Structure formats: structure tokens, C-alpha cells
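# I'd like to go over a predicted model; first the sequence, then the structure.
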Amino acid sequence: MKKWISPTLLIAFFILSAVGHFAGWDATLQFILSAISVIFVAGFLGKATENVSHYAGQRLGGFLNATFGNAAELIIAIFLVKEGLFDMVKASLTGSVIGNLLLVLGLSIFAGGLKFKVQSFNVSLAGMNGSLMLVAVIALIVPAVFLRSHSITGSDTQLLSLIVACILIVAYLAWLVFSMITHKKYLADVTDEEDEELPHEREPEWSKGKSILYLLLATVMVAFVSEWLVDTLETFTTRFGLSELFVGAFLVAIIGNAAEHSAAVMLAMKNKIGAAVEIAVGSSLQIALFVAPVLVLVSYFFGPTTMDLVFTTIELLAIGVSVFIAKSIIQDGKTNWYEGLLLLVVYVILGVSFFLV
């Protein structure tokens, strides 16, 4: 990742995005500049997080990478919620989940598998992640089924969504306590001891203070470019005849996942597949169990309409398929390049299907 980031290009595209936004340039040009800027800023964010993770440890580092990697998506989604574009928000959340489980995880396993025949990570962690993914799917299916079966009204659905959102946030916070405190050693990565024997591979580029400062700076930059990107989405979508579902689920998700893409793949190629899985799967769990519920609460306070957790049948199918294939591949705690290829195949199938909607 150190060679991937270019400070000159990062600053140049950030300035161009700002000028394009405030000068009122063509919406398509603004979208392209903002998208490229988000990718560079997300990469900068990922690099800062990787340096911070050196001081925080592997598991906490993976969590921080997933958290700050999701900062772009969360900020983009908040601006979309503010504009009342709930359908695009749900599409972007769907894209984030399937993008992390299929694209990020698939690329990581594939790239790591090409260099190492078989890679291993903690089986207990794989099992817990699989169970949490199933909980996320259940939480999304229940409101949709109850509404569409006419068992509850639309207003009741919003109330149910708020209650489910609060429950999921509590469950996610409890998972952090379980995984980071009470059962930290139980879920430790199998390569931790090897990492301790090779300290030269983990030398940070920045000091602790500078890493934290750059992490905060990158987060602020993400907030700005995300707002500029959102301002162009509606015009861009209409001009090219694209559905909100495809734009939200694939374009916005891929752009917002740039930090996870680079960090997870680089870690997998260093035979740190456990950390790569922690970033990809952990990011998906964070989106489903924390970010989506937070957005429901944010929409409630923004008013007048509260976003519910009723996703379309297509979105639920995509999430369900992604969770099923990802769980089946990681449950044994071992991966190879062909399993990564299978995840990418499913991602392409879903991508083509969403494009044709």
C-alpha cells in the first residue's frame, strides 16, 4: 500500500473535486472527479489505518481498518438519508455487504492463494462470523416478510425497524466486547506468533502520533468528497439511464470500499489471511449490524420520514446468496485461490443482474 498512495495525485484530485463542486462544472465530470478523489482519499485512509494497526495489534487493527474503511460509505449514506434517497441508501448498504463478502474477500483469497497454496486462520472466529452474518440476514428478512404479508402496517414497520435497529446495535457492541475483551485469545489469529518473529515486515511508515493525525485528516477529507459525490448522483443516474439499485449497490459501494480492497489484498499476499478476512467479513458485519441501524436512527432524527429496514426482494436475495457462499467458504478456516475465484464469479453474476434491472 505504501507505493500505491500518491500524495500529489491525492491532493490534486481533492482540489479538482472541490473546484468542480463549487464552480458548478458538468455533473458527469464532477462525478468522475469526485469518484477518483474518494478512491485516493479512501486509500489514504486505509494506509493511515494500517499504520495505526501496527501499534494497536492485528485484531484491533483489522477492526479499525474495517471501521475507518466504512467511514466513506457511512458518510455518503448519511448525506443520502438527508436527501431522502432511502432506496439508494439501501442499495448502497446491499452493495457494501456483497462487495465486502464477494469482491474484497474474493480478491484477497484469490491473490493470497496464488502466492500461498493454502492459507489458514482461526476456525472459531470463522464460525462466529458465520453466525453473525446469519443474524444480519434474519434481521433484514423479518421486517420485509411481515410488511409484505400484510401482518403489520407501514407505520408499524417503521416502529419495528427502529426496535430492530437498537437491538442490532446492542448485539454488535456486545460482539466487540466478546471478541476484543472477554474472548480475545480464543479468537486470536493463527499467524500472530509468526508475525512476532518477523517484526521487519510490520515496520510502520509513520509514528504513532502522525498515524492518528493522518487518520483523522483522512476521515475529514472523506466527509467532504462524499458530499460532493452525492450531489452528482441523481443527475448522473438520470443522464445515463442507470437504476438507483445498480448505482447504489455497485458504483457507490465499489468506490466506498477502496480502502478495504487495497488493505485486505495486501495483507492476504503477506500470508495474513486472518487479518484480511477480519477486514472483509468484519466490514460486512459492521455495515449490517451497526451502520444500517445507525442510519435508521439518523433518519428518525432528521425527519419527517423514518427509513425502514424493508429491503427489496432482489436486495435480500443478493445479501442471502453472498452470506451463504461466504459462510460455506470460510467455515473451515482454510482458503485457496479457487475459493476466491468462486466468490468473484458470484459477484459478477449479481453485478450483471443488477445492471439489467
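Sure thing, it's come through.

# Strands along the stretch 251-357 of the chain, start to end?
With strands called from DSSP state E, counting those that start in this stretch, the stretch 251-357 of the chain shows them at 334-335.

# do the stretch 101-250 of the chain as well
Using DSSP E, counting those that start in this stretch, strands in the stretch 101-250 of the chain cover 119-120.

# where does it have low pLDDT?
189-203 (pLDDT under 70).

# In it, what residue spans correspond to helices?
105-115, 123-148, 154-177, 192-197, 208-239, 244-246 (DSSP state H, counting those that start in this stretch).

# just checking, what packs against the third one?
So the one you mean is helix 154-177. Counting contacts by 3 or more CB pairs under 8 Å, 6 or more residues apart in numbering; DSSP states H and E, helix 154-177 is packed against helix 123-148, helix 273-286, helix 292-302. Yep, even glycine has a C-beta here, placed from its N, CA and C like the rest.

# Glu178: what's it in contact with?
Glu isn't right for residue 178; it's Phe. If a contact means CB atoms under 8 Å, 6 or more residues apart in numbering, then Phe178 has no contacts.

# and if we set it to 10 Å?
128, 184, 186-187 (CB atoms under 10 Å, 6 or more residues apart in numbering).

# With Pro204 instead?
50-55, 210-211.

# I'd like to know how far it sits from Gly46.
14 Å (CB to CB, to the nearest Å).

# How about Leu107: what's its closest non-neighbour residue?
Taking CB to CB, 6 or more residues apart in numbering, and ignoring the residues beside it in sequence, Leu107 has Val265 as its nearest neighbour in space, at 5.3 Å.

# Same check on Gly113?
Trp337 (2.8 Å).

# can you pull the pLDDT of that neighbour?
Confidence at Trp337, expressed as pLDDT, is 95.

# what about it, neighbour count?
18 (other CB atoms under 10 Å).

# Go through the helices and strands packed on helix 154-177 and pick out the most buried.
Mean neighbour count, computed with mean count of other CB atoms under 10 Å, is highest for helix 273-286 among the helices and strands packed on helix 154-177, reaching a mean of 29.

# what angle separates it from helix 292-302?
When axes from the mean of the first three to the mean of the last three CA atoms, to 10 degrees is applied, the directions of helix 273-286 and helix 292-302 differ by 30 degrees.

# what separates helix 273-286 from the chain centre, distance-wise?
Helix 273-286 has its C-alpha centroid displaced from the chain centroid by 9 Å (CA atoms, centre = their mean, to the nearest Å).

# tilt between it and helix 105-115?
In terms of direction (the same axes, to 10 degrees), helix 273-286 departs from helix 105-115 by 170 degrees.

# so helix 273-286 versus helix 154-177, what angle?
150 degrees.

# In JSON lines, list the helices of the stretch 101-250 of the chain along with distance to Lys272.
Formatted as JSON lines, those follow (distance: least, CB to CB, whole Å):
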{"stretch": "helix 105-115", "distance to Lys272": "8"}
{"stretch": "helix 123-148", "distance to Lys272": "14"}
{"stretch": "helix 154-177", "distance to Lys272": "21"}
{"stretch": "helix 192-197", "distance to Lys272": "7"}
{"stretch": "helix 208-239", "distance to Lys272": "18"}
{"stretch": "helix 244-246", "distance to Lys272": "33"}
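
# Out of those, which is closest to Ala12?
Nearest to Ala12, of all these, is helix 208-239, at 12.8 Å by CB to CB.

# ok, now how distant is the residue nearest to Phe354 when sequence neighbours are not counted from Ser17?
If the residues on either side of it in the chain are set aside, Phe354 comes closest to Phe246, at 4.8 Å by CB to CB, 6+ apart. Applying CB to CB, the value for Phe246 to Ser17 is 23 Å.

# same question, Val89
22 Å.

# what do you get for Ile279?
Going from Ile279 to Ser17 by CB to CB gives 26 Å.

# Contact partners for Leu74?
By CB under 10 Å, 6+ apart, the contact set of Leu74 is 67-68, 96, 222-223, 226, 256, 286-287, 290-292, 294-295, 298.

# So it belongs to a helix, correct?
Yes - the assignment for Leu74 is a helix, going by DSSP: H, G, I helix; E, B strand; the rest coil.

# how far away is it from Val310?
Here Leu74 is placed at a distance of 20 Å from Val310 (CB to CB).

# For the closest residue to Val97 other than its chain neighbours, report the pLDDT, please.
Closest residue in space to Val97, ignoring its immediate chain neighbours: Ser284 at 4.9 Å, by CB to CB, 6+ apart. Per-residue pLDDT puts Ser284 at 88.
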